[in-house]
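1. would you be able to build a 3D model of this:
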Amino acid sequence: MHSPTESTTGTWRQLLGARYLGTATVLAGGVALYATNVYLTTSLLPTAIDEIGGQRYYAWTATVFLVASVISSMLVSKVLATRGPRGAYLIGLTVFALGTVVCAVSPTMELLLVGRTIQGAGGGLLAGLGYAVINAALPQHLWTRGAALVSAMWGVGTFAGPSVGGIFAQFGAWRMAFGVLVLAALAMAALVPRALPAHTGEATEPSPVPTLSLTLLTTAALLVSIAGVVSNLAITAAMVLGGVLLLIAFVAADRRAAHGVLPPSTFGASALKWIYLTIVVLAVASTVETFIPLFGQRLAGLAPLAAGFLGATLALGWTLGEIPSASATAPRVVRRIVMAGPILVAAGLCIVAAFLTDQAGPGSIATWVVGLIVTGVGIGIAWPHLAVGAMTSVAEPGEGARASAAINTVQLIANAFGAALAGVLVNLGEPSTLRSAQLLLFTFAALAFIGVAAAARSQRA
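-> The predicted structure follows:
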């Protein structure tokens, strides 16, 4: 894997200075909007349901959003090629704002689901563009720091979403929370014309939409998303298996396609496939945070707010890990960092699992916090180098934008599969919450160890 401009390493001061501050704000802000919206909506839903009803559709608010995000994330390269960075961001922000307005004014849960679908379509574009535009809007020596800043927004969203949503929900003003997101999207749209170039600078022709690949991957995402909310274990397992088979079919179809979702270098001798696989492992591991608040309430008796922030410690570790890691440029150091990522993830999950107990006291909770931070640090230190590696490990320069955009698609699919697998494991452990937690954490730790091999290959290829 190549390292970006080792001799002229950019600094945070350069990235966040007057010249690139607007660009960095747009790139990071799009992902921050997406991530904050995910967690904000979760915290608002109970209050919204009290007003408009629709309890039976509760889980679908996440499902329709995720599926729409996956679909739009796979169209990032085409939108970028036809509209350029400036036009692509304006489209994404407009669609996201429109969906958010629909959510804010929805009188029924059915209309709220329509809004969430539109939100997901715009959000998937924004999240994918955050990586795809880095190599067009920033000089190469700032790519690693740019990728770290964009990735750090998931940690920001994890804290900002529950905080903002919780405050508005506390006062029964859940619609106003969506209004804040609309204002943020409009403010960012006003910044776009001055912050982003009109064109990528790459002589690439818009490629046809990969219909077969798109259909297979979308159906796989839909199956595993539904699997995560179905209570029947046999049906859940069958859906996960069906999703895996469809994912295999997607890889086979995309490999043969002249214009697929993944760049052709993914299936060649380059490191790209191993980089994506390492990203998959880390993204899957991150989905344990979904169940941490539940474990905190049931095993330690934490209040909902405290349990929510316990779940957010993984995202905190992610942010704490990647900011200093982005400064590393020496190839040997980068190799060690990337390989250390999955190892730390496995170690952190094992620490939490080993100290799980019923009626956990302050000492156990403190150990859980340490383990979750270690897990997040493992993801964070590797992520920016994997992102830049995806941009540079391509056979043709024109594939860079596609390789960058695919990072988000790979992450979203991994999150969907991870959430579904987590749901299966938690259900297997019921009715014992302790057994569910141990099964989930130890299994994901084992998957993280598999990621060590992928990380090693990504550095040797």
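2. show me the contact partners of stretch 448-461.
-> 1, 269-271, 274-275, 277-278, 281-282, 285, 334-335, 338-339, 341-343, 345-346, 349, 378, 382, 386, 389, 393 (Cβ atoms under 8 Å, 6 or more residues apart in numbering). Backbone N, C-alpha and C define where each C-beta goes, glycine included.
3. show me how to select, in ChimeraX, the buried members of these.
-> This is how ChimeraX selects the buried members of these, with burial counted by 16 or more other Cβ atoms under 10 Å:
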select :1,270,271,274,275,277,278,281,282,285,334,335,338,339,341,342,343,345,346,349,378,382,386,389,393
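4. okay, buried residues for stretch 450-461 please.
-> Of the residues in stretch 450-461, those buried (16+ other Cβ under 10 Å) are 451-452, 454-456, 458-459, 461.
5. next step: those residues restricted to helices.
-> Using DSSP state H, the members of the buried residues of stretch 450-461 that fall within helices are 451-452, 454-456, 458-459.
6. what is the mean pLDDT for stretch 170-183?
-> The average pLDDT within stretch 170-183 is 88.
7. meant to ask about stretch 143-150
-> Mean predicted confidence for stretch 143-150 is 84.
8. ditto for stretch 230-237
-> 79.
9. gap between that stretch and the chain center?
-> 25 Å (Cα atoms, centre = their mean, to the nearest Å).
10. buried sites along it?
-> Here stretch 230-237 shows 230, 236-237 as buried, counting by 16+ other Cβ under 10 Å.
11. pick the one among the residues you listed closest to Ala326.
-> Thr236 (38.5 Å; Cβ to Cβ).
12. wait, what's in contact with the closest one?
-> So Thr236 contacts 227-228, 230, 420, 423-424, 427 (Cβ under 8 Å, 6+ apart).
13. which ones among the residues you listed are found in helices?
-> Using DSSP H, the contacts of Thr236 in helices are 227, 420, 423-424, 427.
14. once you drop chain neighbours, what's closest to Gly380?
-> Leaving out its chain neighbours, the residue that sits closest to Gly380 by Cβ to Cβ, 6 or more residues apart in numbering is Gly321, at 2.8 Å.
15. how far away is the one you found from Leu245?
-> Noted for Gly321: a distance of 35 Å to Leu245, by Cβ to Cβ, to the nearest Å.
16. same check on Leu372?
-> Taken as Cβ to Cβ, the span from Leu372 to Leu245 is 33 Å.
17. more crowded one of those two?
-> Leu372 (25 against 13; other Cβ atoms under 10 Å).
18. which of the residues in the helix or strand hosting that one are buried?
-> Applying DSSP states H and E as the criterion places Leu372 in helix 362-392. Neighbour-count burial for helix 362-392 flags 364-365, 367-392 (criterion: 16+ other Cβ under 10 Å).
19. not counting its neighbours along the chain, what's nearest Gly54?
-> Met109 is the one closest to Gly54 (Cβ to Cβ, 6+ apart), at 2.3 Å.
20. now do the helices in the stretch 201-350 of the chain.
-> 211-227, 233-256, 272-286, 292-300, 304-311, 313-325, 331-354 (DSSP state H, counting those that start in this stretch).
21. and these, which one's lowest on average pLDDT?
-> Taking the mean pLDDT of the helices of the stretch 201-350 of the chain, helix 304-311 comes last: a mean of 72.
22. residues touching Glu289, list them.
-> Taking Cβ under 8 Å, 6+ apart as the criterion, Glu289 is in contact with 158, 311-312, 314-315, 372.
23. what about the residue nearest to Gly54, neighbour count?
-> With other Cβ under 10 Å as criterion, Met109 counts 20.
24. if we can go back for a sec, highest neighbour count among the contacts of Glu289?
-> Leu314 (31 neighbours).
25. how much space separates that one from Ile134?
-> 24 Å.
26. which strand or helix spans Gly107?
-> One thing to correct before we go on: residue 107 is Pro, not Gly. Going by DSSP H and E, Pro107 is not in any helix or strand.
27. right, and it touches Ile52 too?
-> Yes. With contact defined as Cβ atoms under 8 Å, Pro107 counts as touching Ile52 (6.2 Å).
28. so which of these two has more stuff around it?
-> Ile52 (15 against 10).
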